[in-house]
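J.: Okay, structure incoming, though there's no sequence with it:
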């Protein structure tokens, strides 16, 4: 799962208010979840036998933390809590006013990958520092 920063920052550099719809239109990847003011992009990755659930949050979230984050995935018969791989991470500003990019990798066990792939996730909750953001699973209109 590779994300290109140029594809995530958006095209309209003079925009004063950012919306979820604008983010989805600007970013070429398919969203995993949406909240009121942020879009969550996610995917699984493996490196040297370790598995990661990589996330990129585009929107109004701006954070700098040294205490890590938790991602709670809930769905039909599942509640999976993932901890961030690194305790330190920081959002990066973009040329679009009020829009930032936050990359967080979460540790995931190989056994949990099958559970995740075979489940219908309905909500994703991100807890980091004083932020508690609830995303709903993105479903395309197409």
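T.: It's in. These numbers come from a predicted model, not from an experiment. Residues are numbered from 1 along each chain as shown.

J.: The most centrally placed residue in the chain: what's its closest spatial neighbour, skipping adjacent residues?
T.: Centroid-nearest residue in the chain: residue 40, 3.3 Å away (criterion: C-alpha atoms, centre = their mean). In this structure, residue 40 finds its nearest non-sequential neighbour in residue 33, 4.0 Å apart by C-beta to C-beta, 6 or more residues apart in numbering. Any C-beta I mention is one placed from the backbone N, CA and C, and that applies to glycine too.

J.: where does this structure have low pLDDT?
T.: Within the chain, the stretches with pLDDT under 70 are 1-17, 142.

J.: check contacts around the residue nearest to the centre of the chain.
T.: 31, 32, 33, 34, 55, 56, 57, 124, 126, 135, 138 (C-beta atoms under 8 Å, 6 or more residues apart in numbering).

J.: Confirm for me that residue 91 is in contact with residue 100.
T.: Yes - counting by C-beta atoms under 8 Å, residue 91 touches residue 100, with 4.1 Å between them.

J.: Quickly list what's touching both of those two.
T.: 61, 62.

J.: what residues does stretch 101-111 touch?
T.: 3, 5, 8-9, 44-45, 50-58, 61-63, 69, 71, 82-86, 89-92, 94, 116, 126, 128.

J.: residues of it that come out buried?
T.: 101, 102, 103, 104, 105, 106, 108 (16 or more other C-beta atoms under 10 Å).

J.: do the same with stretch 77-96
T.: Quick answer for stretch 77-96 (16+ other C-beta under 10 Å): 80, 82, 84, 85, 89, 91, 94, 96.
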